[in-house]
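**Q** I need the structure of the sequence given here:
(chains A and B)
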Amino acid sequence: MLPALVTLLMGLVLGYLAQRSRICFIGGLRDFILVRDTELVKGAITFFLTAWLAFSAANALGLTDLRAPALQSKDAPASVPAAVAPAATGLNAIFPELTSRLASTKASLWVMTILAGIGLGLFSTLANGCPTRQHVLAAQGLRDARFYLVGFYLGVVVSYLVTKPLLAFYMYTKGIW
Amino acid sequence: MKLQLKRMRPSAITYGVVAGLLAVGVQVFLGVRPPPAYGICMACHSRDVINWIVNHLVGTRWEIAPVSVTLPLLTTVGLFIGASVAARRNGEYRRLSLGRRGRNLVYGILVMNAAILAIGCPTRLLLLGAYGEVQGLVGIAGLIAGIVAGTLLLKKGVVD
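**A** Numbers count the residues shown, from 1 in each chain, chains lettered A, B, ... in the order given. So this is what the prediction gives:
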């Protein structure tokens, strides 16, 4: 019950700010390439830096454990106990566990994430905005954005009925999985 | 106070700071977990809502994040309402159509499918990257490549 309510309230704040600031994480890079406008891309960079600093601070204060994997993997290595974990140096000083995560990530997952990321960026650019911006545009009365949202939510059903079974079948026949 | 809120025109940087703090804050202090780095995601939270409804109606067992099992996260709904309020209060609500309905419907489906495979919308990819998750960083690299490609296509006039 509570997380749903918390995110609803958080959404209200974010929606208000997003409408006022015209934020779009996709549009930031697009505007920079097209007209060298850095306003929106600064928003995306600030979001990343703020989240990184906040995660690091929470980790340092013991409020969260960054060594816990964020994504469930079928063969995730058991988390190394803090006592025997090597001292964080190099990349691991910036992101704890980064090198071991790099080493344990399968090649097929790399390829799929890269391809899906490219598709996400490409289609979002062509659709004229990231999902957040499309929600804001739809709320502002743009009919086309409302159709985008219909497709967006319909896309979940398409994904679980069509895309994922097809992908699983392809990976199975190729023996990747 | 009312006047101030009306005139407010926050910069993108303000949004970035507030969203970054909220995304981490709701996870750390308000229990929006597991999984970690799940504070804001337009795609995953939408997926949780749709799959929760479908599972309850038809009895399927489509994937839902553990935090969304009892009630799905309502970020997208809140964001839509918040943006509506902001647009109406500031006189920016306009019924408008650019004649791209069918195309946008298809783009919506494609973006959601790509987002589910990439484990998140652009916002969550940045959040995962900030958490130090490799897949998030890899996804961001792909995302940037995709945006560059899309922008070049727009620039050359291949698509409009």
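
**Q** dump the residue contacts of A:Leu98.
**A** The neighbours of A:Leu98, taking C-beta atoms under 8 Å, 6 or more residues apart in numbering or on different chains as the test, are A:Leu91, A:Asn92, B:Gly132, B:Val134. (Each C-beta comes from the backbone N, C-alpha and C, glycine too.)

**Q** please report how far the nearest residue to it once chain neighbours are set aside lies from B:Ile40.
**A** Of all residues beyond its chain neighbours, the one nearest A:Leu98 is A:Leu91 (4.7 Å), with distances taken as C-beta to C-beta, 6 or more residues apart in numbering or on different chains. Separation of A:Leu91 from B:Ile40 (C-beta to C-beta, to the nearest Å) stands at 25 Å.

**Q** which secondary structure element of chain B has the lowest mean pLDDT?
**A** helix B:2-7 (a mean of 58; mean pLDDT, DSSP states H and E).

**Q** my guess is A:Ser108 contacts A:Ile176, does it?
**A** Yes. Taking contacts as C-beta atoms under 8 Å, A:Ser108 lies within contact range of A:Ile176: 4.8 Å.

**Q** name the helices or strands packed onto the helix or strand hosting B:His56?
**A** Secondary structure from DSSP states H and E places B:His56 in helix B:42-58. Counting contacts by 3 or more C-beta pairs under 8 Å, 6 or more residues apart in numbering or on different chains; DSSP states H and E, helix B:42-58 packs against helix A:131-139, helix A:143-158, helix B:75-89, helix B:101-117, helix B:122-131.

**Q** does chain B sit close to the host helix or strand of A:Lys42?
**A** Under the criterion of DSSP H and E, A:Lys42 resides in helix A:39-60. Yes. Using C-beta under 8 Å from any C-beta of the partner chain, helix A:39-60 comes into contact with chain B via A:39-40, A:42-55, A:58.

**Q** try stretch A:108-123
**A** Yes. Against chain B, stretch A:108-123 shows contacts by C-beta under 8 Å from any C-beta at A:109-110, A:112-123.

**Q** now that stretch: how far from the chain's centre is it?
**A** Between the mean C-alpha location of stretch A:108-123 and the chain-wide mean there is a distance of 12 Å, by C-alpha atoms, centre = their mean, to the nearest Å.

**Q** which residues does it contact?
**A** Contacts of stretch A:108-123 (C-beta under 8 Å, 6+ apart): A:26, A:171, A:176-177, B:107, B:110-111, B:113-115, B:117-119, B:121-122, B:125, B:135, B:138-150, B:153.

**Q** could you pick out the longest helix of chain B?
**A** In chain B, taking DSSP state H as the definition, the longest helix is helix B:134-156.

**Q** which strands or helices does that one pack on?
**A** Using 3+ C-beta pairs under 8 Å, 6+ apart, helix B:134-156 sits against helix A:25-35, helix A:98-104, helix A:107-126, helix B:122-131.

**Q** and the angle from the first one to helix A:107-126?
**A** What separates the directions of helix A:25-35 and helix A:107-126 is an angle of 70 degrees, with axes from the mean of the first three to the mean of the last three C-alpha atoms, to 10 degrees.

**Q** hmm, who's touching helix A:25-35?
**A** So helix A:25-35 is in contact with A:37-44, A:47, A:121, A:124-125, A:128-130, A:132-133, B:12, B:122-123, B:126, B:144, B:147-148, B:150-152, B:154-155, going by C-beta under 8 Å, 6+ apart.

**Q** do you know how far the spatially most central residue of chain A is from B:His45?
**A** Geometric centre of chain A, nearest residue: A:Gly117, 9.4 Å, by C-alpha atoms, centre = their mean. In this view, A:Gly117 and B:His45 are 19 Å apart by C-beta to C-beta.

**Q** what packs against the helix holding A:Lys42?
**A** Short answer (3+ C-beta pairs under 8 Å, 6+ apart): helix A:39-60 packs on helix A:25-35, helix B:12-28, helix B:122-131.

**Q** report the buried residues of the helix or strand following it.
**A** Once the chain leaves helix A:39-60, the next helix or strand it forms, by DSSP H and E, is helix A:91-94. Neighbour-count burial for helix A:91-94, counted by 16 or more other C-beta atoms under 10 Å in any protein chain shown, picks out A:Asn92.

**Q** so what's B:Met42 closest to, chain neighbours aside?
**A** A:Pro131 (3.7 Å).

**Q** these two touch, right, the one you found and A:Ala145?
**A** No. Look at A:Pro131 against A:Ala145 with C-beta under 8 Å: they stay out of range, at 10.4 Å.
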